[in-house]
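S.K.: missing the sequence, but the structure's below:
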């Protein structure tokens, strides 16, 4: 079943008496890229296994007007023994707590900026969060954007951001796709990058789609 059809079914079901299930939010996503322009999710390290991940927040929905902070982690799957990672936050970051990389033992970063981060104030802005210097990654892996291993607010099982609405600084979930809790899947994934893959084409990575779901699975959500 396509994501579009699934969301239509969710919308219809939400009108039924007793329904308490809502569609996932569409508030943009954090992406991991192999280029400074933030366009390539098929990342290849050099012959020594060295390279960089470029992290961007792509705005939509509630984040279109900007954001002031972010909470998330980048999970390396499978974990990469002997690989080094160095996080370098973007300019304007005033709080940088934790480590974005989860290399098999959990992790997560909370970061906040000195001012509202926005470009045009419209959906589709691509705003840099920082870079990760990768050392000695010579084998194939995936870098997946997931929720912080120990989120500051357990009610937010998702990568999240705070908005530019001081003094409230409202926290919102970013868009979730693969493994969305509404589908009864595993911990949500917001973005997947392929590292050192010989088959990555750009259509098998990035802002990923939900796994197919049967009608019986969809109906069971509302029973």
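M.R.: Cool, the structure landed. Quantities reported herein were computed from a predicted structural model and do not represent experimental measurements.

S.K.: got a list of what residue 197 touches?
M.R.: Residues in contact with residue 197 (C-beta atoms under 8 Å, 6 or more residues apart in numbering) are 42, 140, 205. To be clear about C-beta, it is placed using only N, CA and C from the backbone, and glycine gets the same treatment.

S.K.: which among those end up buried?
M.R.: 42, 205 (16 or more other C-beta atoms under 10 Å).

S.K.: over to residue 62. Which of the three states is it?
M.R.: helix (DSSP: H, G, I helix; E, B strand; the rest coil).

S.K.: give me the below-cutoff pLDDT ranges for the chain.
M.R.: Within the chain, the stretches with pLDDT under 70 are 1-25, 177-186, 208-223.

S.K.: for residue 156, state which of the contacts of residue 197 is nearest.
M.R.: residue 205 (25.0 Å; C-beta to C-beta).

S.K.: how about the contacts of residue 197 in a markdown table, adding distance to residue 189 and secondary structure?
M.R.: Below are the contacts of residue 197 laid out as a markdown table (distance: C-beta to C-beta, whole Å; DSSP: H, G, I helix; E, B strand; the rest coil):
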| residue | distance to residue 189 | secondary structure |
| --- | --- | --- |
| 42 | 17 | strand |
| 140 | 18 | coil |
| 205 | 11 | coil |
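
S.K.: nearest to residue 81 among the contacts of residue 197?
M.R.: Of all the contacts of residue 197, residue 81 sits closest to residue 140, with 13.5 Å by C-beta to C-beta.

S.K.: tell me, how many residues neighbour the residue lying closest to the closest one once chain neighbours are set aside?
M.R.: Distances taken as C-beta to C-beta, 6 or more residues apart in numbering put residue 196 closest to residue 140, at 4.7 Å, once the chain neighbours are dropped. Residues within reach of residue 196, counting by other C-beta atoms under 10 Å, total 16.
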